[in-house]
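*Asks:* Sharing a model prediction with you, sequence too.
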Amino acid sequence: MASGLLALSELAAQRSREQDLRVSLREIRTAIDAYKQATDEGRVTKQIDQSGYPPSLDVLVSGVPDEKTPDKRKIYFLRRLPRDPFVDDPNVAAQKTWGLRSYESSPDDPHEGDDVFDVYSKSTKKGLNGTPYNQW
């Protein structure tokens, strides 16, 4: 009976971490999309050779000047950057827990670049649905 309870508690913990991962990915991806939209609207300065996506995850938290306001107030896209719940080392900074994909990289072979088009978990473990977390 004790082994059954242990298995159930491990399953509950994994479900909780998976839910945290879903929420964190949605939160970051929504912020990336909001940054891109602000760039497209002319609220964020963009160089001609840039994609319009944020140059780093830190920019989403630290904010950027709003070019459409007279006093150039900052626009913030995230209050804080969530951590990947599958990184157990608390000494790793939140922005280092995520894998980054640039606009120029393919979905099959994501790699970092001059911007952040998407984020993914670096974990190679499989979820309860059988899909590896780094493909969520």
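*Replies:* Right, received. Where do you want to start?
*Asks:* so where do the helices sit in this structure?
*Replies:* For the chain, the helices defined by DSSP state H cover 2-40, 58-62.
*Asks:* Switch those over to CSV; also include mean neighbour count and distance to residue 94.
*Replies:* For every residue, glycine as well, the C-beta is placed using N, CA and C. Converted to CSV, those look like this (neighbours: other C-beta atoms under 10 Å; distance: least, C-beta to C-beta, whole Å):
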stretch, mean neighbour count, distance to residue 94
helix 2-40, 14, 10
helix 58-62, 17, 9
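*Asks:* where's the closest residue in space to residue 34 that isn't next to it in sequence relative to residue 64, distance?
*Replies:* Spatially, and ignoring its direct neighbours in sequence, residue 34 is nearest to residue 77 (5.2 Å; C-beta to C-beta, 6 or more residues apart in numbering). In this view, residue 77 and residue 64 are 8 Å apart by C-beta to C-beta, to the nearest Å.
*Asks:* Repeat that for residue 56.
*Replies:* 11 Å.
*Asks:* Neighbour count: the two, which is higher?
*Replies:* Neighbours per residue, other C-beta atoms under 10 Å: of residue 56 and residue 64, the larger number sits with residue 64, 20 against 14.
*Asks:* Count the residues that sit near the residue nearest to residue 34.
*Replies:* 22.
*Asks:* for it, what are its contacts?
*Replies:* 31-32, 34-35, 54, 59-61, 63 (C-beta atoms under 8 Å, 6 or more residues apart in numbering).
*Asks:* weakest of the helices of the chain in terms of mean pLDDT?
*Replies:* Least confident of the helices of the chain, judged by mean pLDDT, is helix 2-40 with a mean of 90.
*Asks:* what's the spacing between residue 39 and residue 54?
*Replies:* In terms of C-beta to C-beta, residue 39 sits 9 Å off from residue 54.
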